[in-house]
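# 3D model of this:
(chains A and B)
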Amino acid sequence: MQTTLSPPAPVENASAALPALGTVRLTVNGTAKTLQIAPWTTLLDALREYLNLTGTKKGCDHGQCGACTVLINGKRINSCLTLAVMHDDHEITSIEGLANADGSLHPLQTAFVDHDAFQCGYCTPGQICSAVGLMNEGQAKSEADVRELMSGNICRCGAYPHIVDAVTEVMGIEKQA
Amino acid sequence: MNPFAYSRPDSIDSAIDELVTEPAAKFIGGGTNLIDLMKENIEKPSRLIDINRLPLTDIVELPDGGLRLGALATNADTAYNPLVKERYPLLSQTILAGASPQLRNMATNGGNLFQRTRCYYFYDTSMPCNKRKPGSGCGALNGYNRIHAILGTSDSNPLTTCIATHPSDMCVALAALEAVVRVEGPNGERTVAMADFHRLPGNEPQYDNTLQPGEIVTAIDLPANGFAQHYNYLKLRDRASYAFALVSVAAGLELEGNTVTNARIALGGVAHKPWRKTEAEELLVGKEAVAANFRPVAEKLLEGAKGYGHNTFKIDLAKRAIVRALTEAVTMQKATPQ
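Numbering: from 1, shown residues only, chains lettered A, B, ... in the order given. Purely as a prediction, here's the structure:
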């Protein structure tokens, strides 16, 4: 289906006319949400500023740190480098959507607590969403794979060893001696 | 980010029509580079034409034994595709050496071709840059140019100087494999050899590639020979993962016994496009696959290389990387994790 979120008339240059707000339907953590937003709203800003889901963090806002990691149809992406309007029929999962309905934590959340896999905690929602995506994507078979395939998430506190402990434990990967 | 309009055409023809009607518009695929450049006020499209719902995601076998990679297949889906892994392991390894899992899940094969340089001066709008603003000068030439090009640069005229590198890993493997880019535009379809897709800065550093206005990349075709027995992507960078290459080498060899019958070598991180020199590859044919025979190849590939101070180390680094990459391609044993 043809989708257009702006007046069809060509825009001469970016400042000549402000495109109208458009209606975007996002399915976030299993719930359908309808938003009136501008096309330049990133998915990260839509989650944080329009849906009040502030668990997803804005770190660098340039796709370099991974703090904004969310899942689209089960795969992880950087929500700062994509537009909300591009995802109107996708299943979006943020850190708020991982725990069970009864409030019990996702096994990775539990493992992060058990292994003290954070210090300041700012990168943690992105780390955990990334680890969920890592498991869904099914490519990591060893501890070395986990380290490599978690490299899109930076932790400036340096909690990496404990993060690897948490992820490998949930995945049932034996630690290297 | 500047305001822009957004549309999502449902056919390739309407996508092309939209771009022809509005030349200041841009296609968006994964958006991993474009949105970043828009946040930095480097790209200011009047409209984003979202091509993600076009039917260009398939990876299919070709009658000639090759493989067609849809322009909108993601880098991750391409690298992990069973046919790519089996027949083009060089490409799979190369894609997985680039970016992060998140970015590879977003980035498309077509979009990868259009990545722009990560030159600091291109990214900093307060600095001169002939690529970003033609005729404004080059901040890198006498600036901090550690990541910059050593081959094929343009440095004789201050108004066209450019020593930027092409940032892609994937394109380096595509160059080595002699991939062919399939393009559609207002005048129909055409194909472009990888060697001709990207360009050197010359007098027009603002142009990264040879695509014409209104054209869209629909697929990348891989020839039947994937050099799947002896291959290597060696990427040298400042950290073990998730960093751009300082120097990279994509190598493919065909051997009879220990004699080279066919060789492909492309370099990344050293020029405005993946760097290949067929004369260097020909030096190897009929020779024994040993380091002593790889060194003249490295010298040939780096012929005419020029350092600009901070990046001069790349000349020796590239030579050693070529010898190591070829040595590892023979044994298929990597000295260090990549």
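# Give me the domain ranges for the chain.
All of this refers to chain A. A:22-97, A:107-171 (automatic domain parsing).
# To clarify, I was referring to chain B.
If you go by automatic domain parsing, chain B breaks into B:5-49, B:230-331.
# rewinding a little: please tabulate the domains of chain A in a markdown table and include distance to B:A325, mean neighbour count and mean pLDDT as additional columns.
Placement of C-beta: from N, CA and C, glycine included. Output for the domains of chain A, formatted as a markdown table (distance: least, CB to CB, whole Å; neighbours: other CB atoms under 10 Å in any protein chain shown; pLDDT from 0 to 100):
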| stretch | distance to B:A325 | mean neighbour count | mean pLDDT |
| --- | --- | --- | --- |
| domain A:22-97 | 27 | 21 | 97 |
| domain A:107-171 | 20 | 20 | 98 |
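# Quick check: closest non-adjacent residue to the closest residue to chain A within chain B.
For chain B, the residue closest to chain A is B:S100, as judged by CB to the nearest CB, at 2.7 Å. Leaving aside its sequence neighbours, B:S100 sits nearest to A:G152 (CB to CB, 6 or more residues apart in numbering or on different chains; 2.7 Å).
# Check for me that the one you found belongs to a strand.
No - counting by DSSP: H, G, I helix; E, B strand; the rest coil, A:G152 is located in no strand; its state is coil.
# In contact with it: list those residues for me.
By CB atoms under 8 Å, 6 or more residues apart in numbering or on different chains, the contact set of A:G152 is A:66, A:69, A:76, A:78, A:130, B:99-103, B:242.
# just to revisit the earlier point, and the domains of chain A: which comes nearest B:P213?
domain A:22-97 (23.1 Å; CB to CB).
# hmm, back to that, what is the nearest of the contacts of A:G152 to B:Y233?
B:A99 (13.8 Å).
# That closest one - how many residues pack around it?
29 (other CB atoms under 10 Å in any protein chain shown).
# Then B:D124?
14.
# Need the distance between the two termini of stretch A:78-90.
15 Å (CA to CA, to the nearest Å).
# Please read the previous query as pertaining to stretch B:159-174.
First-to-last residue span, stretch B:159-174, CA to CA: 32 Å.
# State the next helix or strand along the chain beyond the longest helix along chain A.
Looking across chain A with DSSP state H, the single longest helix is helix A:124-137. Remark: after helix A:124-137, the chain's next helix or strand is helix A:143-149, criterion DSSP states H and E.
# Show me what that following helix is in contact with.
Outside helix A:143-149, the residues that touch it by CB under 8 Å, 6+ apart are A:134, A:137, A:139-140, A:160, A:164, A:167-168, A:171, A:173-176, B:101, B:241, B:337.
# Return the list of helices and strands in contact with the longest helix of chain A.
strand A:69-72, strand A:75-78, helix A:107-114, helix A:143-149, helix A:160-171, helix B:101-106 (3 or more CB pairs under 8 Å, 6 or more residues apart in numbering or on different chains; DSSP states H and E).
# What segments of chain B are strands?
Taking DSSP state E to define them, one finds strands in chain B at B:5-8, B:26-28, B:47-50, B:59-61, B:67-70, B:180-185, B:188-193, B:216-222, B:230-236, B:247-256, B:259-268, B:275-276.
# what about the shortest one, distance to the chain center?
Distance of strand B:275-276 from the chain centroid (CA atoms, centre = their mean, to the nearest Å) equals 11 Å.
# and if you look at stretch A:67-80?
3 Å.
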